[in-house]
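Enquirer: From the sequence below, what's the structure:
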Amino acid sequence: MTRRIEMKKIFTKTALILLIIAVVSFIGHLFIYSKLPAQIPIQWGSDGSVNSYGEKYMDLVLAGIPIGIIILMSVSPHMDPRKASYLKHAGAYNILMIGVSLLLVACSWLSALAALGYNVNIQTLVPVAVGILFIVIGNRMPQIRSNYFFGIKTPWTLENPDVWRKTHKFGGILFCMIGIVFIVVAFLPYKALTSIIIAPFIIGSVVLMYLYSYIIYKKIKA
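Expert: Numbering: from 1, shown residues only. This next block holds a predicted model:
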């Protein structure tokens with residue numbers, strides 16, 4: 001019972017501040033809703049051109065997503081069978097919650113501003129923001145303890161704490177590298193190369209982390 005109360009103290013303050021930010025942002029979207037066109041941009045190509053438009057109400061959907069994410073990330077630790085781990089990696093988890101929530105809030109406003117006719121440099125701003133988030137999370141990944149909600153969850157990391165620890169240390173390096181790639185490609189003159197460079201890098205990193213956890217597991221069990 002005491003542990004559960006401590007968990008509430010760790011997460012509630014961060015979640016409450018983020019919820020206030022997200023709700024204020026949502027209210028801001030309500031104020032500009034009447035000024036938005038019937039169709040708003042919701043997807044951009046790597047060259048900055050709009051690939052897809054959505055109905056006007058999608059602005060409120062995008063604005064509401066951060067609220068849902070914050071609530072989900074606040075509730076999930078208490079549902080995790082390994083909830084005690086969150087007391088050990090509270091800092092890393094809070095950084096993740098802050099980064100993801102603020103990025104989603106920012107993206108909702110980038111979309112709204114673009115719909116209102118402002119010249120928003122999406123193809124540079126978003127990759128840089130995502131890159132910074134990857135680097136921040138990568139630096140915190142070694143702190144993440146075994147759980148079922150977030151982190152590198154493979155059959156081998158979940159079974160063995162040493163495999164979990166070593167895999168997340170390795171994964172943290174890869175996350176930082178991915179973040180650097182995001183930032184670098186954001187400033188490339190040929191924006192069409194962005195997805196061509198980033199996609200294989202991310203897929204390759206996921207495969208490497210998966211294989212690494214298996215190899216470490218086999219070495220420990222040998």
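
Enquirer: immediately after the helix or strand of the chain with the lowest mean pLDDT, which helix or strand?
Expert: Taking mean pLDDT, DSSP states H and E as the measure, helix 2-32 is the helix or strand of the chain with the lowest mean score, a mean of 79. Later in the chain than helix 2-32, the nearest helix or strand by DSSP states H and E is strand 39-44.

Enquirer: Show me the contact partners of that next one.
Expert: By Cβ atoms under 8 Å, 6 or more residues apart in numbering, the residues outside strand 39-44 that reach it are 50-56, 58-59, 62, 111-112, 114-115, 122-123. Yep, even glycine has a C-beta here, placed from its N, CA and C like the rest.

Enquirer: Which of those fall within helices?
Expert: Assigned to helices by DSSP state H, the following of the contacts of strand 39-44 qualify: 58-59, 62, 111-112, 114-115, 122-123.

Enquirer: Show me the strands in the chain, by range?
Expert: Here the chain has its strands, by DSSP state E, at 39-44, 50-55.

Enquirer: can you put those strands in CSV and add distance to I69 and mean pLDDT?
Expert: Shown next, in CSV, are the strands of the chain (distance: least, Cβ to Cβ, whole Å; pLDDT from 0 to 100):
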stretch, distance to I69, mean pLDDT
strand 39-44, 17, 83
strand 50-55, 19, 82
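
Enquirer: list the contacts for L188?
Expert: T194.

Enquirer: Pop the domain breakdown of this structure in here.
Expert: Partitioning the chain according to automatic domain parsing yields domains covering residues 1-116, 121-222.

Enquirer: Comparing those by mean pLDDT, which bottoms out?
Expert: Between the domains of the chain, the one with the least mean pLDDT is domain 1-116; it has a mean of 85.

Enquirer: Now the residue nearest the centre of the chain: closest residue in space, sequence neighbours ignored.
Expert: Nearest to the mean C-alpha position of the chain, by Cα atoms, centre = their mean, lies V100 at 4.2 Å. Distances taken as Cβ to Cβ, 6 or more residues apart in numbering put I69 closest to V100, at 6.2 Å, once the chain neighbours are dropped.

Enquirer: circling back: do you know how far the residue nearest to the centre of the chain is from P127?
Expert: From V100 across to P127, the span is 16 Å (Cβ to Cβ, to the nearest Å).

Enquirer: now do D162
Expert: Remark: distance between D162 and P127 (Cβ to Cβ) = 35 Å.

Enquirer: Of these two, give the one with the bigger neighbour count.
Expert: More neighbours surround P127 than the other of D162 and P127, with 23 against 12 (other Cβ atoms under 10 Å).

Enquirer: check contacts around that one.
Expert: Counting by Cβ under 8 Å, 6+ apart, P127 makes contact with 182-183, 185-186, 194, 198.
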